[in-house]
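Colleague: Predicted model and sequence follow; I will ask about them next.
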Amino acid sequence: MKDLHFGAGNIGRGFIGKVLADAGVHVTFADVADDLINQLKEKKTYNVKVVGSECRTEAVSNVDAVNSKDADAVIAQVATVDLITTAVGPTVLNIIAKTIADGLAKRIEDGNEGFLNIIACENMVRGTTHLKNEVLKHLDEKYHAKVEELVGFADSAVDRIVPPADSEDPLEVTVEEFSEWIVDQTQFKGDVPNIKGMELTDNLMAFVERKLFTLNTGHLITAYLGALAGHNTIREAIEDEAVKADVQAAMEESGEVLIRRYGFEADAHAAYIQKILGRFANPYLVDEIDRVGRQPIRKLGPADRLTKPLLGTMEYGIANDHLIKGMAAAFFYVNEDDPQAVELQAMFAEKGLKETLAHYSELPVDSSEVARVEAAYQALKSA
Ligand SMILES: NC(=O)C1=CN([C@@H]2O[C@H](COP(=O)(O)OP(=O)(O)OC[C@H]3O[C@@H](n4cnc5c(N)ncnc54)[C@H](O)[C@@H]3O)[C@@H](O)[C@H]2O)C=CC1
Ligand SMILES: O=P(O)(O)OC[C@H]1O[C@](O)(CO)[C@@H](O)[C@@H]1O
């Protein structure tokens, strides 16, 4: 099987590319980072350091690379591979959609009747479905029926903490031991691939929301409360007992929504939260607060890791003080290198918290929740 993987970054090399290459799939990475691509092309192998209670280095071999800026080369790949995976970040999905659409048009014109499956591996609810809609916007309608017949767009949930590596070898990645890649088996076209490390489910939403609204909700609140307390890394922040107590409580509030919505068993979910807290404290990973806190506007959005769990607590009429506090902490997040943090702070300075939060979260500006976030902000300010 041949895979074209967009995004040779942390998750691309450290997780998805590795799982596929280990399973005997030939992986070609597509990326815009020239040096990275040239080195991958030349060496065709790279190392992954797996760190935890035991540390080891594993080589990933038989990979290739193509520069994403060379549209013709990428289109030629799309026209021939059996699988396309992505780990580029939600905003870049819209950019690669055009190239994928051009590749699908070529594939059909070339008479390739083989099945192709596409899996976006991003921190997004139904990211592949989003990508599909973007691809179809760029694709002439005359190709749509063939795409429906031959191309599967399978949504997935991806969980492995992979911070940027601090290594002399630019291709090496450092990853935690834990990993979970769950794909919606109902959305494949042709045979569903049997790949070790890729789990299949017919209940994907439960797993996507469980991951995004537990790990990512807790991680983000760790970042924002940690930054406020003067910490630089996630590990430092979660070892601060006050931060940890708030983060755990926020994950429990979000967890109560997940338990009620999807029927997760309460004890198992509590253990899931504890495991995640342990992963945040991994002493072998140096995970900067800015990586986890990045793009706060996206993360305050209505479908993302702060607002969506809050909406769930409102739906079920259950406690949400710590989710509210986490949202308030987002307004202390300052990072001049992050355009979204700059934009958020600019609007906050001009319009105040209520209007800014309502604008990005789509919560009603006069709602009691928005008022409570403002009160929590004031409480944090005077603490
Ligand atoms: N790092 C982590 O711990 C996890 C990340 N994720 C998700 O995986 C996705 C990727 O995250 P990371 O690997 O951490 O980011 P990253 O920044 O390390 O990798 C993204 C890669 O995409 C490349 N890229 C940018 N524009 C491109 C284009 N037009 N064509 C091809 N490649 C392009 C970048 O050069 C970069 O190498 C994100 O959606 C993230 O939320 C999900 C789970 C864990
Ligand atoms: O990649 P995003 O959506 O900016 O968010 C960063 C988060 O994603 C992860 O990299 C993977 O879930 C977490 O480690 C972190 O909480």
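Modeller: On my side now, so go ahead. Predicted model only: the values in this text are computed from it and were never measured. Numbers count the residues shown, from 1 in each chain. Ligands and ions are numbered 1, 2, ... in the order given.
Colleague: And the most centrally placed residue in the chain, its phi and psi?
Modeller: Nearest to the mean C-alpha position of the chain, counting by C-alpha atoms, centre = their mean, stands N123 at 2.1 Å. Note on N123: backbone dihedrals following degrees, to the nearest 10 are phi -80, psi 80.
Colleague: does V183 sit in a helix, a strand or a coil?
Modeller: strand (DSSP: H, G, I helix; E, B strand; the rest coil).
Colleague: show me what contacts it?
Modeller: By C-beta atoms under 8 Å, 6 or more residues apart in numbering, the contact list for V183 reads I119, A154, D155, S156, M198, E199, L200, T201, L204. In short, each C-beta sits where N, CA and C put it, glycine included.
Colleague: Break down the protein into its strands, ranges please.
Modeller: When secondary structure is read from DSSP state E, the chain shows strands at 2-6, 26-31, 45-51, 56-61, 63-67, 83-86, 116-120, 151-153, 156-159, 173-176, 180-184, 199-201.
Colleague: mind checking which of those strands is nearest T214?
Modeller: Comparing the strands of the chain by their distance to T214 (C-beta to C-beta), the top pick is strand 156-159, with 9.6 Å.
Colleague: Pull up the pairing partners for that closest one, direction included.
Modeller: Looking at strand 156-159 with DSSP bridges, its partner strands are strand 180-184 (antiparallel).
Colleague: Just the CA trace of the partner strand, in CSV.
Modeller: Taking C-alpha atoms only, strand 180-184 is exported to CSV below (Å, rounded to 0.1, in the frame of the first residue of the first chain):
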residue,chain,number,x,y,z
GLU,A,180,-4.2,6.2,20.1
TRP,A,181,-5.3,6.6,16.5
ILE,A,182,-9.0,5.8,16.0
VAL,A,183,-10.6,5.9,12.5
ASP,A,184,-14.3,5.7,11.5
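Colleague: near ligand 2 at all, it?
Modeller: No. Against ligand 2, strand 180-184 shows no contacts by C-beta under 6 Å from any ligand atom, the least distance being 10.2 Å.
Colleague: any idea of the mean pLDDT for that strand?
Modeller: Strand 180-184 shows a mean pLDDT of 98.
Colleague: Does ligand 1 have contacts with that strand?
Modeller: No. Strand 180-184 stays clear of ligand 1 (C-beta under 6 Å from any ligand atom), getting no nearer than 9.3 Å.
Colleague: Give me the angle between that strand and strand 116-120.
Modeller: Computed with axes from the mean of the first three to the mean of the last three C-alpha atoms, to 10 degrees, the direction of strand 180-184 lies at 130 degrees from that of strand 116-120.
Colleague: Work out the gap between strand 180-184 and the centre of the chain.
Modeller: 12 Å (C-alpha atoms, centre = their mean, to the nearest Å).
Colleague: So what's the residue count around the spatially closest residue to L300 that is not a sequence neighbour?
Modeller: Once flanking residues are discounted, L300 sits nearest to Y360: 4.5 Å by C-beta to C-beta, 6 or more residues apart in numbering. Y360 has 23 neighbouring residues, counting by other C-beta atoms under 10 Å.
Colleague: what pLDDT does I16 get?
Modeller: pLDDT, I16: 98.
Colleague: rewinding a little: if you rank the contacts of V183 by neighbours, which is first?
Modeller: Going by other C-beta under 10 Å, I119 tops the contacts of V183 with 29 neighbours.
Colleague: give the contact list for it.
Modeller: I119 sits next to L83, I84, T85, T86, T128, A154, D155, S156, V183 when contact means C-beta under 8 Å, 6+ apart.
Colleague: can you put those in CSV and add distance to E265?
Modeller: Output for the contacts of I119, formatted as CSV (distance: C-beta to C-beta, whole Å):
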residue, distance to E265
L83, 34
I84, 36
T85, 31
T86, 33
T128, 28
A154, 27
D155, 24
S156, 23
V183, 23
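Colleague: from those residues, which two are the most distant?
Modeller: In those, two members sit farther apart than any others by C-beta to C-beta. They are L83 and D155, at 14.7 Å.
Colleague: circling back to that earlier point, so the residue nearest to L300 is in contact with K299, correct?
Modeller: No. With contacts counted by C-beta atoms under 8 Å, Y360 stays clear of K299, the gap being 9.2 Å.
Colleague: any idea how far D240 is from G226?
Modeller: To D240, G226 is 7 Å away according to C-beta to C-beta, to the nearest Å.
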